[in-house]
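Chemist: coordinates only, sequence not included:
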Ligand code: ATP
Ligand code: MG
C-alpha cells in the first residue's frame with residue numbers, strides 16, 4: 001500500500017458559516033458510502049480538515065477515481081505519514097515522499113511547515129530551511145530548485161501528534177455535496193443533453209430523481225435500457241437515483257389522433273413536464289430539470305420554451321444547458337462518461353411522432369385551443385400514466 005491517508009480539500013463548503021458542519025457531515029457520509037466497497041476506511045475530521053485513512057489494503061486508482069466523482073471535493077492529496085517527531089524521521093519522510101510521487105524532479109519548490117504541535121522544538125521557519133536543504137541535497141542534480149515566491153510544488157509538512165506530508169493535489173469535481181440542496185426531478189431521455197443537465201444540477205448539491213417517458217412498442221426495450229444505463233452513470237456522481245418510467249404511448253397516440261401534427265412536440269412536451277411536476281410534488285422535489293438549449297430544435301426556441309413552461313405552475317424548471325453550444329455539451333458528456341451511451345442509436349419517443357415541419361413560434365393561445373380537443377380523452381390516460389409508473393433505483 002502506497003498511502004495510508006488522503007487529505008481532502010473542499011473549497012466552497014468552507015464558506016457556509018454555521019452550515020459548514022452540515023455540509024461536512026454530508027460530504028463525509030458520501031465518502032464513506034462510496035469508499036466502503038474498496039476496503040476499510042476511516043473518514044475523520046480534524047482541525048477543520050477531512051482525512052481519509054485506509055485501514056486495509058486498497059487500490060489507489062479506484063479510490064482516487066471514486067473520490068474524483070464526489071461533489072464537494074476540490075482536491076485529493078495523498079499524504080505520507082510519519083509516526084514520529086524525530087527530525088531525522090521527518091526528513092526521511094519528506095525525501096521519500098518526493099521520491100515516490102514524482103518521476104521527474106526538474107521543478108521549483110518550497111517547503112511549507114505548519115507546527116500545530118507547539119511542543120515540537122524546531123520553529124516552522126527553521127524547519128522550512130532544514131527540510132528544503134535535505135531535498136536539495138538529494139535532488140538538486142536532477143533539476144530541483146527552490147522558489148519561495150512562485151514554486152511549482154509546495155511540500156506541505158504538518159506537525160501534529162504525528163507528521164503529515166503532502167505536495168500533490170489531484171483535482172476533484174468541485175461543486176457541493178449531494179443532499180445539501182434539496183431534490184429535483186430530471187427529465188432523462190436517451191440523448192446527450194439531459195444526462196449532462198442532471199449532472200450539472202447534482203453538482204450543486206441537489207439530489208436527482210429521474211423520469212423517462214417510454215412509448216412501447218414505438219420505443220424499444222433497448223431504448224429503455226439505454227436510459228437506465230445513462231442514469232446509472234450519472235448516479236456515480238449524484239448517488240442512488242430513483243427512476244420513474246412512465247408509459248407514454250397512449251398519451252402520444254391521443255395527441256397524434258386529436259391535435260394538429262405540427263404542434264405534436266409542443267403539446268407532448270407540455271404533458272411530460274406536467275407529469276414531471278406531479279411526480280415532483282409526490283416525492284418532495286422542489287424543481288424540474290431538463291436538457292434543453294436555446295435554438296437546438298424547434299421545440300427549443302424561446303417561443304416554444306415559453307409555451308412549455310406555462311404547463312408547470314408551481315415549481316421552477318432548471319435548464320442548465322440552456323446557453324451552451326452542442327459541442328460544449330458534448331465535451332461535458334465525454335468528461336462525465338455518458339457520451340458513448342447517449343450515442344447508441346435507439347429511437348426516442350419524440351422522434352417517432354415528430355412532424356415534418358413542427359411549429360417554431362407557437363402561441364399559448366393556439367396551443368391551448370388545440371389542447372381543448374384532448375378534453376375527456378386525456379384525463380384518464382394521464383391518471384393511468386401516473387398510476388402505472390415503473391420505479392427502479394439506479395446505482
Ligand atoms: P436530449 O439530448 O437530452 O435527449 P434533445 O436535444 O433530444 O435532448 P428534445 O428531444 O427536444 O431535445 O428534449 C428536450 C428535453 O426534454 C430533454 O433534454 C429531456 O430533458 C426531455 N425529454 C425529451 N424526451 C424525453 C423522454 N422520452 N423522457 C424524458 N425526458 C425527455
Ligand atoms: Mg432527445
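Modeler: Ah, there it is. Worth saying up front: this structure is predicted, and the values here are computed from it rather than measured. Ligands and ions are numbered 1, 2, ... in the order given.
Chemist: how close does residue 20 sit to residue 167?
Modeler: 26 Å (Cβ to Cβ, to the nearest Å). Yep, even glycine has a C-beta here, placed from its N, CA and C like the rest.
Chemist: revised request: answer the last question for residue 69.
Modeler: 23 Å.
Chemist: for ligand 1, give me its nearest residue in the chain.
Modeler: Nearest residue of the chain to ligand 1: residue 191, at 2.0 Å (Cβ to the nearest ligand atom).
Chemist: could you point out which element follows the least confident helix or strand in the chain by mean pLDDT?
Modeler: Lowest on mean pLDDT, DSSP states H and E among the helices and strands of the chain sits helix 349-352, with a mean of 64. Later in the chain than helix 349-352, the nearest helix or strand by DSSP states H and E is helix 364-372.
Chemist: wait, residue 160 sits on residue 119?
Modeler: No - the criterion here is Cβ atoms under 8 Å, and residue 160 misses it with residue 119 at 10.6 Å.
Chemist: compare those two (neighbour count), which wins?
Modeler: Shown here are residue 160 and residue 119; by other Cβ atoms under 10 Å, residue 160 has more neighbours (14 against 8).
Chemist: residue contacts, that one?
Modeler: Residue 160 makes contact with 47, 116, 117, according to Cβ atoms under 8 Å, 6 or more residues apart in numbering.
Chemist: if we look at ligand 1, which of these are close to it?
Modeler: Contacts with ligand 1 are made by none of these, judged by Cβ under 6 Å from any ligand atom.
Chemist: enumerate the residues of the stretch 51-200 of the chain near ligand 2.
Modeler: 189, 191 (Cβ under 5 Å from the ion).
Chemist: so which bits of the stretch 51-200 of the chain are right by ligand 1?
Modeler: Counting by Cβ under 6 Å from any ligand atom, the stretch 51-200 of the chain sits next to ligand 1 at 187, 188, 189, 191, 192, 193, 194.
Chemist: correct me, but the third one touches residue 227?
Modeler: Right, residue 189. Yes - with contact defined as Cβ under 8 Å, residue 189 and residue 227 form a contacting pair (6.9 Å).
Chemist: quick one: mean pLDDT over the helix or strand that contains residue 125.
Modeler: Taking DSSP H and E as the criterion, residue 125 maps to helix 124-139. When pLDDT is averaged along helix 124-139, the result is 97.
Chemist: buried residues, that helix. List them.
Modeler: 127, 128, 130, 131, 132, 134, 135, 138, 139 (16 or more other Cβ atoms under 10 Å).
Chemist: can you give me the distance of the nearest residue to residue 303 once chain neighbours are set aside to residue 354?
Modeler: Using Cβ to Cβ, 6 or more residues apart in numbering and skipping the chain neighbours, the partner closest in space to residue 303 is residue 361 (4.5 Å). Taking Cβ to Cβ as the measure, residue 361 falls 17 Å from residue 354.
Chemist: mind listing what's buried in stretch 309-316?
Modeler: 311, 312, 315.
Chemist: need the contact list for the second one.
Modeler: The neighbourhood of residue 312, defined by Cβ under 8 Å, 6+ apart, consists of 273, 274, 276, 277, 288.
Chemist: how many neighbours does the fourth one have?
Modeler: So the one you mean is residue 277. Residue 277, neighbours per other Cβ under 10 Å, totals 20.
Chemist: that one reaches residue 314, doesn't it?
Modeler: Yes - contact criterion Cβ under 8 Å: residue 277 and residue 314 qualify, at 6.7 Å.
Chemist: can you give me the helices for the stretch 201-350 of the chain?
Modeler: Assigned by DSSP state H, counting those that start in this stretch, the stretch 201-350 of the chain shows helices spanning 221-238, 249-258, 264-282, 302-309, 326-336, 339-342, 349-352.
Chemist: sec struct for the residue of the chain positioned farthest from its centre, please.
Modeler: Largest separation from the mean C-alpha position in the chain: residue 121, at 44.9 Å (Cα atoms, centre = their mean). Three-state call for residue 121 (DSSP: H, G, I helix; E, B strand; the rest coil): coil.
Chemist: list phi and psi for it.
Modeler: Here is the backbone geometry of residue 121 (degrees, to the nearest 10): phi -70, psi -20.
Chemist: roughly how far apart are it and residue 114?
Modeler: The value you get for residue 121 to residue 114, if Cβ to Cβ is used, is 15 Å.
Chemist: over to residue 275?
Modeler: 55 Å.
Chemist: between the two, which one's more packed in?
Modeler: residue 275 (23 against 14).
Chemist: show me what contacts that one?
Modeler: 211, 213, 246, 382, 385, 386.
Chemist: at 10 Å instead, please
Modeler: 185, 187, 211, 213, 244, 246, 248, 251, 311, 382, 385-386, 389 (Cβ atoms under 10 Å, 6 or more residues apart in numbering).
Chemist: farthest pair within the residues you listed?
Modeler: 311 and 389 (18.7 Å; Cβ to Cβ).
Chemist: could you find the closest non-adjacent residue to residue 359?
Modeler: residue 262 is the one closest to residue 359 (Cβ to Cβ, 6+ apart), at 5.0 Å.
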